[in-house]
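Novice: below is the sequence, then the predicted model.
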Amino acid sequence: MSAEHASGRIINAYACGDAYIAADELWALEAHLEACRVCRDRLAAALAERAPSVMVLVDTVWSGLEAELSAAPAVPHARRRRSVGRSRRLSRWLTPTMVPWLAMIATVTALALVLDLTGPGIGTAAGEVSFVLLLAPVLPVLGVAASWSRGLDPAYELTASAPRAGLPLVLRRTAAVLAVLVPVLLVAGWATGVMLAQWLLPCLAFTSATLALGGVVGVTRAAVALVAVWAAVIVAPTLAAGRAAFALQSTGLPAWGLALALTAATVIARRGAYCVLGAHR
């Protein structure tokens, strides 16, 4: 890659489907092609010369779509450009399937808040456990799982197999989930009197652990496993005993801080594992 345009070598290799192009070169080239018409034209010329079968396939697809596209109602250019710009910016952070999942998780948080404010609570008055505190650590994990679920995202294979689907995209989607849910949990924690660190540290630690484990077994599988562990080890004993487990008490906050530091360090150390996520992840 030069300062302005991609080199002829990498464009020709990309046109031929060379599997030995480095992942960082693929990422840089595809990012550059999105904004550079000159290099897109050079790529089209390279495809016509080196991969004519691909051009035949593209022409066939366009011929099938031409009639449908020409019949579509015209959209004013300025409005179309603004709409495309907004869609591109949102697609870097969110997927369409994340929206209903985030709405569902926010609704679960609201229901937990209602139970805390109107219900009898769990345990005695002195050791009562908040429903918000029980659910807060794993709620963002569900949103992160939804953002990488094959069954929920129709473009999952395309996204997961692209060179740009590395750690930056994983972190963007995770940040988008947290940006929506943390303010909701903040309000719920304030309304129930739960100390901020009691739910925020476990919340961040579980999210970071999902990413760390997701680099090995896949983000969705990691999220499901961690939610199951939380339900079996923390939620069920708390409901059965009627008192807060150690992990829910303020004395357990140093352990959550250590878990957050370790899992975050693991994500950073294994950042190469996210360069190309397999379709099963």
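Specialist: That came in fine, so what should we check first?

Novice: secondary structure element for residue 201?
Specialist: helix 196-217 (DSSP states H and E).

Novice: just the mean pLDDT for stretch 105-115, thanks.
Specialist: Confidence for stretch 105-115, expressed as mean pLDDT, is 77.

Novice: oh, that last question was meant for stretch 144-161, not what I typed.
Specialist: Confidence for stretch 144-161, expressed as mean pLDDT, is 66.

Novice: cool, stretch 208-223 as well?
Specialist: 84.

Novice: can you pull the buried residues of that stretch?
Specialist: Residues of stretch 208-223 classed as buried: 208-215, 218-223 (neighbour count, 16 or more other C-beta atoms under 10 Å). To be clear about C-beta, it is placed using only N, CA and C from the backbone, and glycine gets the same treatment.

Novice: sorry, back to before: could you identify the helix or strand that succeeds the helix holding residue 201?
Specialist: Trace forward from helix 196-217 with DSSP H and E and the next one is helix 219-230.

Novice: coming back round to it: closest one of the buried residues of stretch 208-223 to residue 6?
Specialist: Top of the list for closeness to residue 6, among the buried residues of stretch 208-223 and by C-beta to C-beta, is residue 215 at 29.2 Å.

Novice: that closest one and residue 270 touch, don't they?
Specialist: Yes. Counting by C-beta atoms under 8 Å, residue 270 is a contact partner of residue 215 at 5.0 Å.

Novice: I'd like to know which helix or strand in the protein has the lowest mean pLDDT.
Specialist: Of all helical and strand segments in the chain, the minimum by mean pLDDT, DSSP states H and E falls on helix 77-91, at a mean of 52.

Novice: quick one: secondary structure of residue 243?
Specialist: Secondary structure state of residue 243, per DSSP: H, G, I helix; E, B strand; the rest coil, is coil.

Novice: any weak-confidence spans in the stretch 1-150 of the chain?
Specialist: Applying pLDDT under 70 to the stretch 1-150 of the chain flags residues 1-3, 19, 69-98, 100-101, 119-128, 148-150.

Novice: any idea how far the residue nearest the centre of the chain lies from residue 140?
Specialist: Nearest to the geometric centre of the chain sits residue 173, at 3.2 Å (C-alpha atoms, centre = their mean). For residue 173, the distance to residue 140 equals 11 Å [C-beta to C-beta, to the nearest Å].

Novice: same question for residue 194.
Specialist: On the measure of C-beta to C-beta, residue 194 and residue 140 end up 16 Å apart.

Novice: so for those two, which sits in the more crowded spot?
Specialist: Neighbour count, other C-beta atoms under 10 Å: between residue 194 and residue 140, residue 140 has more, with 24 against 20.
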